[in-house]
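**Student:** Okay, predicted coordinates and the sequence, questions at the end:
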Amino acid sequence: MGSTAKALVVVGTLVVLLAGAAFGGLWWFQQRLDANIEKLGDPFAGLPDRPAPAPADEEAEAQDVNFLVLGSDSRISAGDPSQWEAGAQRTDAIMLVHLPAERDSAVVVSIPRDSWVPVPGHGHAKINAAFSYGGPPLMIQTVEDLTGVHVDHFVVTDFEAFTSMTDALGGVQITVPNDIGDGNDVFFEAGKHTMDGEAALEYTRQRYGLANGDFGRVQRQQNWMRAILGKVNNNRSDIVTMARFFETVSESVAADDALTIDEMRRLFESARDVSTNDVAFMTAPYEGTGRSSDGQSIVVLNEDPFDRLMDAIASGEAAEFLGEHGEELELLPATVP
């Protein structure tokens, strides 16, 4: 499965697991979901010089929560650092998910996997190399050092069940503004489409005719995420469909030990009023692509807007920042080409 397909279900995975915790009376079902989720231990133990959490909001009942969510080609043995080898586990999607203390919105920032950043102990490298070099602890340290944002929970998922997860929901609705095709078998006419897993996979694999190349494909990935979150929100009362979906998703997720089913339920209850329209999807500010000194194709982050965005998230002021500077960021538009 291509890397773009693998990126699609990362945020959906996280949020539907939180939604799955809403089955408050079904203790046995929660326990089954919890048993399906691979445990990573405590990847935060021993990390040096971590950023401080956001200041407490005296008017809010909860605190800011930040997730680092990865899409990898495999989560198998993700909790056993002895099995990591350079290049063995590729991280195809890296997302920082921010839930503010007020629980009235959420922010999802995609960090391009080829972003050229300092990786502790390894000099500069593509950011996705951190997971291969040192697993969750090094990945968390790299992102925290880069962003200054305190990470509370870590989630990694594989994507073998991509099509079945989509199909478990009965497909997702994607609006295609213009006729698109790649000259081979892929073609979508303009209009609203209810895409099954295979169709969504083809949609996100589209390589031709995108105005912004691979960055345009990232927006398609986020568009799918938004669609699946909307489908989950609209079908919460459909117990059979949701149970089937949660079961499929939970079988492809690994998380830190502190993200227990009770913690998921608590997070869900505090954020249950957040709708799809309240979630801001964006790509981390970047200058463009380039070449490293050793000839690798890389993404160059735009440091000033990137740092200002991350400072706002770290300090619990993301909503205010987006309200004032949203037009300067690459936010996901209502309709994606």
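**Tutor:** Thanks, I have it.

**Student:** now the longest helix seen in the chain, how far from the chain's geometric center?
**Tutor:** For the chain, the longest helix by residue count, based on DSSP state H, is helix 213-234. The chain centre lies 10 Å from the centre of helix 213-234; the measure is C-alpha atoms, centre = their mean, to the nearest Å.

**Student:** Show me what the helix or strand following that helix is packed against.
**Tutor:** Where DSSP states H and E defines the elements, the next helix or strand beyond helix 213-234 is helix 239-250. Contact partners of helix 239-250 among helices and strands, from 3 or more C-beta pairs under 8 Å, 6 or more residues apart in numbering; DSSP states H and E: helix 10-20, helix 27-36, helix 162-168. Heads up, the C-betas are built off the backbone N, CA and C, glycines and all.

**Student:** Ignoring the adjacent residues along the chain, who's closest to residue 71?
**Tutor:** residue 93 (3.5 Å; C-beta to C-beta, 6 or more residues apart in numbering).

**Student:** thought that neighbour was touching residue 70?
**Tutor:** Yes. Contact status for residue 93 versus residue 70: in contact at 6.6 Å, counting by C-beta atoms under 8 Å.

**Student:** And what about residue 141, helix, strand or coil?
**Tutor:** The local conformation at residue 141, judged by DSSP: H, G, I helix; E, B strand; the rest coil, is helix.

**Student:** any idea how far it is from residue 46?
**Tutor:** According to C-beta to C-beta, to the nearest Å, residue 141 stands 10 Å off from residue 46.

**Student:** do residue 60 as well
**Tutor:** 30 Å.

**Student:** Neighbour count: these two, which is higher?
**Tutor:** Comparing residue 60 with residue 46 by neighbour count (other C-beta atoms under 10 Å), the higher total belongs to residue 60, at 15 against 8.

**Student:** Tell me the predicted confidence for the residue nearest to the more buried one when sequence neighbours are not counted.
**Tutor:** Leaving out its chain neighbours, the residue that sits closest to residue 60 by C-beta to C-beta, 6+ apart is residue 101, at 3.7 Å. Residue 101 is assigned a pLDDT of 89 by the prediction.

**Student:** give me the element residue 101 is part of.
**Tutor:** Going by DSSP H and E, residue 101 is not in any helix or strand.

**Student:** doesn't the residue nearest to residue 71 fall inside a helix?
**Tutor:** No. Looking at residue 93 with three-state DSSP, it is strand, so not inside a helix.

**Student:** What is the burial count for it?
**Tutor:** 26.

**Student:** Nice, that's everything, thank you.
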